[in-house]
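Trainee: Only the shape, not the letters, is given here:
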């Protein structure tokens, strides 16, 4: 009787469920087709009838990017040039000049030159401003001008650039460039190995494994893994790096989505390198995505002590989807969850404030989870270190000086004033700091804090509305007060800023390797990591607390 009941009622229910799904699919398909037809008609009529000549490619590019902007910042459209850059980020290989470059004010500015690559061999230095590549003036080039410095191996390119106010010309020979995921590893002391992991491209786990094995071979019995400023990358590489320290078949991350095909459980697939070696991982507010998978998983599994500052809080997974004409869509397909069940996503892009900005999960709304050994951890706001350190946070004024190139430009000037330091570590004194402050004043470098920029925007609006005359006196007083406060912040954060200046100066003389050699011995967070590792009782207590 029960069987006939099931047969009579459940089958129609199942059928109606399929009917509902089919109907829903048809409705969605119709709505998509309808909107595509509207857009196609609009696009055609706009380009046919607009008063001035239009650029269909640029219009479409803007339309697509505007549509995606309403979602999250990680769902993005890549045109053909963007696809090339995306592939470089994932593979770490390209043919170019071997330098970190930014485009600003009609110039390409070399931020960092990598040792023994084409830019270095051609004599370029950080701070050089490229103004012309071949016959192309950078000021007249609207697109990403750094693409003009990529091409076939052994291509010769004529370059015009400015150094310290003087215009120079040279020729550069393009060559293969490899961007390492692990730019540096070394022993800090007799037993402590230090590994910097700066990105998660396709070679990240192999390079990390090689560094770990080499350090162990050299006698390292404890490891510091530095993930600060690592924005993430390939999910598979994050899992493989965890696999170096945890057993085969361990769950590292779970992904969940409204689309069931994107629901997956990712486990380690290989035998580990070392299950016992004590491990401290350093993170900060710029450690994101795959960095948070590694630090979050190893925290949940009680396999590593995490120190530093709270991580960025990106708990979303993207997938590249190839489109027509060599374009691509990178689309957010799921949220990821660490072994304890945490999703550490900090911003809610589905709910935005009145200014169109995603709302941030408040600490009062964080949910509590437990690690394998029962330690308390939380979701919703990035990975909170087991040992939080204020030194990992960059002050507002220091951030402003990094953003406005105050520190970068001063280091450039310092380098040309002191060309013969070589491998010496400069003694950056209080007198030098006063020289730095005078440099900012002479160069009229604005701190550009959010408060100052908001105030200047207010005056701009007041001028547009012709009411600036009524508030100009109060505005000048308020601006002077803000700038005085910024100057005080400069002195209050003197030690932090001096360290940032010294680090930038060292890069000028000793490249990345020299910087890391200095950094691993002098950085207070690294010193704290070594102190924890050197005290087995403290290390084990943290992992059991």
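Mentor: Arrived safely, thanks for sending. Because the structure is predicted, anything quoted here is derived from the model rather than measured. Residues are numbered from 1 along each chain as shown.
Trainee: Report the spatially closest residue to the spatially most central residue of the chain, excluding sequence-adjacent ones.
Mentor: Nearest to the geometric centre of the chain sits residue 231, at 3.2 Å (C-alpha atoms, centre = their mean). By the measure of C-beta to C-beta, 6 or more residues apart in numbering, the closest residue to residue 231 outside its immediate chain neighbours is residue 288, 5.1 Å from it. C-betas here are computed from N, CA, C, even on glycine.
Trainee: Now do the same contact list for the one you found.
Mentor: Listed by C-beta atoms under 8 Å, 6 or more residues apart in numbering, the contact set of residue 288 reads 230, 231, 232, 311, 312, 313, 314.
Trainee: These into JSON lines, with extra columns for pLDDT?
Mentor: Output for the contacts of residue 288, formatted as JSON lines (pLDDT from 0 to 100):
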{"residue": "230", "pLDDT": "97"}
{"residue": "231", "pLDDT": "95"}
{"residue": "232", "pLDDT": "95"}
{"residue": "311", "pLDDT": "96"}
{"residue": "312", "pLDDT": "95"}
{"residue": "313", "pLDDT": "95"}
{"residue": "314", "pLDDT": "95"}
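Trainee: With distance to residue 303 as added columns, please give those in CSV.
Mentor: Converted to CSV, the contacts of residue 288 look like this (distance: C-beta to C-beta, whole Å):
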residue, distance to residue 303
230, 18
231, 23
232, 20
311, 17
312, 21
313, 21
314, 22
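Trainee: Looking at those, which two lie furthest apart in space?
Mentor: Using C-beta to C-beta, the pair of the contacts of residue 288 lying farthest apart is 230 and 313, separated by 14.1 Å.
Trainee: Between these two, which has more neighbouring residues?
Mentor: Taking other C-beta atoms under 10 Å, residue 230 and residue 313 do not tie; residue 230 has more neighbours (27 against 22).
Trainee: give me every residue that touches that one.
Mentor: So residue 230 contacts 197, 198, 199, 200, 286, 287, 288, 290, 291 (C-beta under 8 Å, 6+ apart).
Trainee: For it, which non-adjacent residue is spatially closest?
Mentor: The nearest residue in space to residue 230 (C-beta to C-beta, 6+ apart) is residue 291, at 4.3 Å.
Trainee: Same question for residue 310.
Mentor: residue 382 (4.8 Å).
Trainee: correct me, but the one you found touches residue 312?
Mentor: Yes. Assessed by C-beta atoms under 8 Å, residue 382 is found in contact with residue 312 at 5.6 Å.
Trainee: anything in contact with each of those two?
Mentor: 285, 292, 346.
Trainee: and the residue lying closest to the first one once chain neighbours are set aside, what is it in contact with?
Mentor: The one in question is residue 285. With sequence-adjacent residues excluded and distances taken as C-beta to C-beta, 6+ apart, residue 285 is closest to residue 309, at 5.3 Å. Listed by C-beta under 8 Å, 6+ apart, the contact partners of residue 309 are 283, 284, 285, 385, 388, 389, 392, 393.
Trainee: ok now do the nearest residue to residue 125 once chain neighbours are set aside, which residues does it touch?
Mentor: Spatially, and ignoring its direct neighbours in sequence, residue 125 is nearest to residue 113 (6.4 Å; C-beta to C-beta, 6+ apart). By C-beta under 8 Å, 6+ apart, the contact set of residue 113 is 98, 99, 119, 120, 124, 125, 126, 511.
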